[in-house]
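Asker: From the sequence below, what's the structure:
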Amino acid sequence: MPGSRALAGIVSGLVETFVSRNNDVSGYWGIGQLRKEIEDQGCHAAELDLLAGQVDQAPPIVSTLIARYGAYLSASLARDGFSPTHVVEAKISIEFGSFGNASEPDLFSTLGEPFNCRATLLSRSGKVFSAVRGGLCRRHDPRCEQQSRRPPLT
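Answerer: Numbering: from 1, shown residues only. Just a heads-up that it's a prediction; the model follows:
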């Protein structure tokens, strides 16, 4: 059975891919779309339960991200030799308006407002693995953004 180092790598990869510019939904950055979706509901933070699968009551972008990153987590666990039940809780939390506990990133751009994102895994043995990243994000506005031409992720 793989150990703690592998789970620490998985949680780090999870948060890194989530905040990456390659996290796109229908050709636009997933983080910007998530910000718009939750701000439209009067909130500034969200928590995605990756083990919940598709959530019927969740808004569309939240549902898409839960399904995508839940699948990413399952594939990462399998690749590293963990059973599907080794992780009993898996969440991604994001807060807009603050870097929170994240270090200010080395920024190549000053566009947008700060956000912080934390991925957390709880193993069956009760050990918590967590990674946090910060960045800058503007609210999604298709009039001001260029849509990606990459093929959609499945």
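Asker: From the contact counts, what lies against the lengthiest helix in the chain?
Answerer: Assignment by DSSP state H gives helix 60-79 as the longest helix of the chain. Contact analysis of helix 60-79 by 3 or more CB pairs under 8 Å, 6 or more residues apart in numbering; DSSP states H and E lists helix 4-19, strand 24-25, helix 30-39, strand 45-49, strand 87-96 as its packing neighbours. Heads up, the C-betas are built off the backbone N, CA and C, glycines and all.
Asker: So what touches it?
Answerer: 10, 13-14, 17-18, 23, 25, 30, 33-34, 36-38, 46, 48-55, 58, 83-84, 86-87, 90, 92, 121, 153 (CB atoms under 8 Å, 6 or more residues apart in numbering).
Asker: what about burial for those, which qualify?
Answerer: When the contacts of helix 60-79 are checked for burial by 16 or more other CB atoms under 10 Å, the buried set is 10, 14, 18, 23, 25, 30, 33-34, 36-38, 46, 48, 50-51, 58, 86-87, 90, 92, 121.
Asker: Any idea how far stretch 77-96 is from the middle of the chain?
Answerer: Relative to its parent chain, stretch 77-96 has a centroid offset of 12 Å by CA atoms, centre = their mean, to the nearest Å.
Asker: pLDDT averaged over that stretch, what's the number?
Answerer: Mean pLDDT, stretch 77-96: 94.
Asker: who's in contact with the closest residue to Arg118 other than its chain neighbours?
Answerer: Among residues not flanking Arg118 along the chain, Val132 sits closest, at 4.4 Å (CB to CB, 6 or more residues apart in numbering). Shown in contact with Val132 (CB under 8 Å, 6+ apart): Val15, Gly100, Asn101, Ala102, Asn116, Cys117, Arg118, Ala119.
Asker: same thing but 10 Å
Answerer: 11-12, 15, 19, 93, 99-103, 116-120 (CB atoms under 10 Å, 6 or more residues apart in numbering).
Asker: So among those, where is pLDDT lowest?
Answerer: Among the contacts of Val132, Ser103 has the weakest pLDDT, 74.
Asker: Next one: that one from His44, what distance?
Answerer: Going from Ser103 to His44 by CB to CB, to the nearest Å gives 20 Å.
Asker: So for those two, which sits in the more crowded spot?
Answerer: His44 (14 against 10; other CB atoms under 10 Å).
Asker: Which pLDDT does the model give that one?
Answerer: So, for His44, pLDDT stands at 94.
Asker: Perfect, I'm done here.
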